[in-house]
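Trainee: just need the structure, nothing else, for what follows:
(4 chains)
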Amino acid sequence: MNFSFWLNDKEFNINLEEKVKNDILVSLGKKKYRVSVEFLSSDEIILNIDGKIHNVFINSNSLSYSVYVNGRFFKVEKKPDSQFIGEKGAKPGKRDIRTSMPGRIVKVCVQEGDKVKGGQAVLVLEAMKMQNEIKSPQSGIITKINPEAGDSVEAGALLFSIE
Amino acid sequence: MNFSFWLNDKEFNINLEEKVKNDILVSLGKKKYRVSVEFLSSDEIILNIDGKIHNVFINSNSLSYSVYVNGRFFKVEKKPDSQFIGEKGAKPGKRDIRTSMPGRIVKVCVQEGDKVKGGQAVLVLEAMKMQNEIKSPQSGIITKINPEAGDSVEAGALLFSIE
Amino acid sequence: MAKMFKKILIANRGEIAVRIIRACRELGVIPVVVYSEVDRKALHVRLAEEAYYIGEAVLSQSYLNIEKIIKATKKSKAGAIHPGYGFLAENPELVARCEKEGIVFIGPPSSPMEIMGNKTASRVKMTKAGVPVIPGTLEPLKNEKDLQVKAEKVGFPLLLKAAAGGGGKGLRLVTRKKDLLSSYRIARSESQASFGDPSIYIEKYIEEPHHIEIQILADNFGNIVYLGERECSIQRRYQKVLEETPSPFIDDRIRKEMGQIAVQAAAAVNYRNAGTVEFVVDKNKNFYFLEMNTRLQVEHPITEMVTGIDLAKSQIEIAAGFPLSYRQEDIKPKGFSMECRIYAEDPDNDFLPSPGKIVHLHTPAGGLGVRDDNGVYEGYEVPLEYDPLLSKLITWGNSRTEAIYRMLRALSEYQVYGIKTTIPFFKRILLHPKFFEGDYNTHFISSLEKEEDCRELEDRNVALIAAGIKIYSERKTGSAPAPKRKESNWKFQGRLQNFANRR
Amino acid sequence: MAKMFKKILIANRGEIAVRIIRACRELGVIPVVVYSEVDRKALHVRLAEEAYYIGEAVLSQSYLNIEKIIKATKKSKAGAIHPGYGFLAENPELVARCEKEGIVFIGPPSSPMEIMGNKTASRVKMTKAGVPVIPGTLEPLKNEKDLQVKAEKVGFPLLLKAAAGGGGKGLRLVTRKKDLLSSYRIARSESQASFGDPSIYIEKYIEEPHHIEIQILADNFGNIVYLGERECSIQRRYQKVLEETPSPFIDDRIRKEMGQIAVQAAAAVNYRNAGTVEFVVDKNKNFYFLEMNTRLQVEHPITEMVTGIDLAKSQIEIAAGFPLSYRQEDIKPKGFSMECRIYAEDPDNDFLPSPGKIVHLHTPAGGLGVRDDNGVYEGYEVPLEYDPLLSKLITWGNSRTEAIYRMLRALSEYQVYGIKTTIPFFKRILLHPKFFEGDYNTHFISSLEKEEDCRELEDRNVALIAAGIKIYSERKTGSAPAPKRKESNWKFQGRLQNFANRR
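Mentor: Alright, predicted model coming up:
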């Protein structure tokens, strides 16, 4: 079977061929691997790749796989563009920045209409007793800032939009 | 709500009344307990009984609950007679002894028709590299011995019957 | 007469509450804990003998609420309160309340706690007691003339600091005399703008500073001992990250001197119980009193590992009225120990907090010389509301090199899946040549560059193969995606990652 | 010249394979493991860097199969084999094969292994080397006259033992001279019936015996050191259950004497690498050579805890050609350590094996002086096919009392749900007044009565309340019974319990 994945905007093609049960020949790009597979649960896999052991934790949603390998995290995308979850009908170049963590907005550093650079702090969010600057992912104009200082925000809430 | 359980052939009546969510007033015999409940999973519960913490693991089948409390194991029966799983139409006094572990029969110590005492070794079963004497639970006559020395037996297999 | 407590109430949570539960059990004392709404399933609750609910997650409603703590203590009939660190550990009000209620507070009396809690008062007291403090002015500068005179006395480089200040506001480093006046004026106006008070004082600037602290124990019979030092210079944003003992920077002569000065400092305030005297040490090994922490430290385990003395148990024994069972000459530290603080933070994304569910946990506390003081378990949901310290991983070795390699082994085995942790960050520190040679000061982490990791490419390929295996097995068995319960957490993680990638 | 290995193949499984993986990683060596069919998901596989499948669970097809081990070693390009304990650890054939293939065997050469593996040969060799052996006849008795003469020489009480024997068959304890002849005749006929050989020899009967062993290390340069003793008298059916060091029975003079004799024994056979000389010690502290174990012992960690020397790492360093980095006078054991062997056995039902799935696991290796060398994880299915050792729980203390209380704390925290373990059994040992005072010998466990446990009634009520809560919550939410996957295991356990109750 053939599949395509994207990781950091790069496409990878993978082919799997099961030799005997749980013993799979994998081609990734030009390289071939002999992989023996043990599922500990639906999420937890021991992979023996050419004799080398890897403890992998993997979980999927409709867009991507979240994979932990040897303590390192990777996000493997099912589609090339799933990295940016734009609003419906979003114009190209427009981005909505959402919070991944619930927390409290300590400070709003810029105003709607301001021009910001990539990496410039837009908001300060407090979570786990620490203050975190939420920075703009790109240069542009802030078209919307949703919360005010003092607001509590839920995970997934829109923080600001930039164009 | 009222329930009855059996433990070591003794009946216990228990009454539960939920005061607020997860905070339950329990009557067991003449004693009353204030119980706060946290389910970690469907099997794993933290019980706070009158301020005292108990980590409980509990699982049920149709006949009983298997409960681990502070590292100790209890079998709480739903019916008074479920302790003895007799064969269908078993005569009173007749018992079928089954193995709880798969293993290998090393030795058969008695023959069919032999009179044995309670506690007398009937078979020797090897499991986990250790030999275990399987003893008769009561005095009586061995009416049947199923496996022979050298046989491998599965968990649940009939070992012998005594009457 | 000394008598061990029957019950102790632990007014804390997380790994330190677990640590104290263990100390209690080893002394035959019943450990009682309190917990907030979000801590109903916390490990300290699961391991306690008794547990009392004290309210909402908001600190003022639970762990910082003195009345609720006192109430729970009385209800449980505990004879003493152990405050752990943080929260109420250095709050003289709780100590006073305990004294009034006839409850033993496991820590110092309120008077030394108050003195040491006040920066100016402690500086004055220590100066009087012959303890060296950082040279500078104790009072704000009167005027520009006063500035010139005092600056000349302290010498350059020096720091101008806002008396009302903090957080770097109104702070100026002056390296040359000719910059003094202009820097002073800027500092004043900044201080005025930030704190409404233009007062400035002078402190000597310590070049290439080390943070080194001395552990002391003091009983109720006038016996005070020091238990060696802890090198705490590996810091990020003034937070300790990794501690070790002995310090690779100081020698036995300085070690002994610092120990004796620390005992002197404790004696000067009639200190009792466990305490830590913090020093800043300059590049010429001159040391100056910084502050005294009047409680058990997060990093206490490394001292335990080399001395064999259980500090948490010692605290309880002292509070129960037992004298120290050893004298200074009996304390002979052996070997080398270090501690890594494992936080729920993403080291690859500016240490963004990473709360959430731990879906898989493997801890490495087997083999010789590895200890894992954690406060979590597989399936536990790390709450957003509290400090993100998950665990303290501690190793001991016959040599510093052995302790480092053992730490690397333990870190390589430590698996926390579902959330991000600082585990990968420590590998970068430990393998850095400067750290390995013991040649570092408090500037170390800020100068640490992210190095390329040769295993990253290999792991990336494994991740792709795993994704292939996953989709293949789903197609083959026609199995549905993973259960809802877990997915929600993973979605959360996915979002977090999305978010982090953008920054 | 000494050079560390790049890779080591570990020819074992379970906790000892995990122990050696850790030693490898701390030395920068790549750990390679092998696994059988039922060990596909074993912890030693998960923690290894490389793993090779070698066949069915049957030992002859996997862990005892020398050809397969050699083949995997060559395939992985490992430079050495570590055999662990058990399996091939004391098999001279593997050593010879390694020598032939140019693979380093991490253990002694084949010659000392062969000598020590033979009961008669080792007795003769030791006697010549001036090592005391249990008095008796080395050859079978010729006739009844020979019996009288030799018995007189050895003295009463004595044991008559079948030369071909084992398992108590043909064994007779003779306490008085007048029983000698009749006992001899019975022993002969029993021996004939059991082994087809009536030969009998005499051994002095040791009253109130202690099993005490000495750890030694020998490098390739003629340096041999001893690392103190281990008291192993807590045994059940000749299996060690709990070990401690130092022994509460012997004093420093005997300790030193035994150490020196152990070194003498090792030197006499040109021993190399780690080894253990086992002695039986009588009530008057006379000690006699019993046997030498030519490998790492299960109980090696307690020696590591008091000496600070990593024995698994030392084994590898010696095998790689490094000289010992310390001399006898550098080895100064500190404190007290003990080990409890946690087995998957039901102590309340005659130690019936208890394989199955571990549905919940909490290990207690936090706090000072606690170490848990286990080979399992939550969700792991303990296989039926192998030794039921799950974990070795080790504590260290400044005093023996501290080590005991620490062990009790650790045991109280150790939770293994889903299968039965020997954890509750240890509480009975540790709290027994005789054990607490250190006054015990190898008869201790057989004389141990099951004591009433005051907590049992309380826990029973908790179990009933839990059942009530469970059914209540199911009724309320209308939730289905627990998932199939888990239930099957619980059903299995239910049957096991049923079965156990009947015995």
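Trainee: in a strand, C:Lys392, correct?
Mentor: Yes: under DSSP: H, G, I helix; E, B strand; the rest coil, C:Lys392 sits within a strand.
Trainee: which one is it nearest to, not counting chain neighbours?
Mentor: Using Cβ to Cβ, 6 or more residues apart in numbering or on different chains and skipping residues adjacent in sequence, the residue nearest C:Lys392 is C:Asp373, 4.5 Å away. Every C-beta, even on glycine, is put in place using the N, C-alpha and C of the backbone.
Trainee: whichever strand or helix holds the one you found: how far from the chain's middle?
Mentor: Assigned by DSSP states H and E, C:Asp373 belongs to strand C:370-374. Here strand C:370-374 shows a centroid-to-chain-centroid distance of 15 Å under the convention Cα atoms, centre = their mean, to the nearest Å.
Trainee: would you give the sheet partners of the helix or strand just after it, along with the direction of each?
Mentor: Per DSSP H and E, strand C:370-374 leads on to strand C:381-382 as the next helix or strand towards the C-terminus. According to DSSP bridges, strand C:381-382 forms sheet pairs with strand C:356-357 (antiparallel).
Trainee: now do the partner strand, average pLDDT.
Mentor: The predicted model assigns strand C:356-357 a mean pLDDT of 91.
Trainee: say whether chain D is contacted by whichever strand in chain A runs longest.
Mentor: Scanning chain A for the longest strand, with DSSP state E as the assignment, gives strand A:10-20. No: judged by Cβ under 8 Å from any Cβ of the partner chain, strand A:10-20 stays clear of chain D, getting no closer than 11.5 Å.
Trainee: who touches that strand?
Mentor: A:1-6, A:24-29, A:80, C:464-465, C:467-469, C:472 (Cβ atoms under 8 Å, 6 or more residues apart in numbering or on different chains).
Trainee: can you select the buried ones from the residues you listed in ChimeraX?
Mentor: With 16 or more other Cβ atoms under 10 Å in any protein chain shown as the criterion, this ChimeraX line picks the buried residues out of the contacts of strand A:10-20:
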select /A:3,5,6,24,26,28 /C:464,465,467,468,469,472
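Trainee: and the next helix or strand after the longest strand of chain A, what does it pack onto?
Mentor: Downstream of strand A:10-20, the first helix or strand assigned by DSSP H and E is strand A:23-28. Identification of packing neighbours for strand A:23-28 by 3 or more Cβ pairs under 8 Å, 6 or more residues apart in numbering or on different chains; DSSP states H and E yields strand A:10-20, strand A:31-39, helix C:455-477.
Trainee: and the nearest residue to C:Gly79 once chain neighbours are set aside, how many neighbours does it have?
Mentor: Among residues not flanking C:Gly79 along the chain, C:Phe5 sits closest, at 4.3 Å (Cβ to Cβ, 6+ apart). Using other Cβ atoms under 10 Å in any protein chain shown, C:Phe5 is surrounded by 20 other residues.
Trainee: isn't C:Phe5 right up against C:Ile316?
Mentor: Yes: counting by Cβ atoms under 8 Å, C:Phe5 touches C:Ile316, with 7.1 Å between them.
Trainee: what touches both of those two?
Mentor: Shared contacts of C:Phe5 and C:Ile316, counting by Cβ under 8 Å, 6+ apart, come down to C:Val29, C:Ala80.
Trainee: what's the domain layout of chain A?
Mentor: The domain map for chain A lists A:2-77, A:94-162, with the assignment taken from automatic domain parsing.
Trainee: who's in contact with C:Glu299?
Mentor: With the criterion set at Cβ under 8 Å, 6+ apart, C:Glu299 makes contact with C:Arg230, C:Cys232, C:Lys240, C:Glu243, C:Glu339, C:Lys392.
Trainee: quick one: the residues you listed as CSV, columns for secondary structure and pLDDT too.
Mentor: Below are the contacts of C:Glu299 laid out as CSV (DSSP: H, G, I helix; E, B strand; the rest coil; pLDDT from 0 to 100):
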residue, secondary structure, pLDDT
C:Arg230, strand, 98
C:Cys232, strand, 97
C:Lys240, strand, 93
C:Glu243, strand, 98
C:Glu339, strand, 98
C:Lys392, strand, 98
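Trainee: highest neighbour count among those residues?
Mentor: The most neighbours of any of these, using other Cβ under 10 Å, belong to C:Glu243, which has 29 neighbours.
Trainee: point me to the residue of chain C nearest chain D.
Mentor: Distances between chain C and chain D by Cβ to the nearest Cβ are smallest at C:Ala365, namely 3.5 Å.
Trainee: gap between the closest residue to that residue other than its chain neighbours and chain A?
Mentor: The shortest distance from C:Ala365 to any non-neighbouring residue, by Cβ to Cβ, 6+ apart, is to D:Ala365 (3.5 Å). Counting by Cβ to the nearest Cβ, to the nearest Å, the gap from D:Ala365 to chain A is 20 Å.
Trainee: just give me the neighbour total for D:Ala365.
Mentor: 24.
Trainee: surely it and C:Gly366 touch.
Mentor: Yes: between D:Ala365 and C:Gly366 there is a contact at 7.1 Å, judged by Cβ under 8 Å.
Trainee: how far out from the middle of the chain is the helix or strand bottoming out on mean pLDDT in chain A?
Mentor: In chain A, no helix or strand scores lower on mean pLDDT, DSSP states H and E than strand A:130-135, which sits at a mean of 76. Offset of strand A:130-135 from its chain centre (Cα atoms, centre = their mean): 18 Å.
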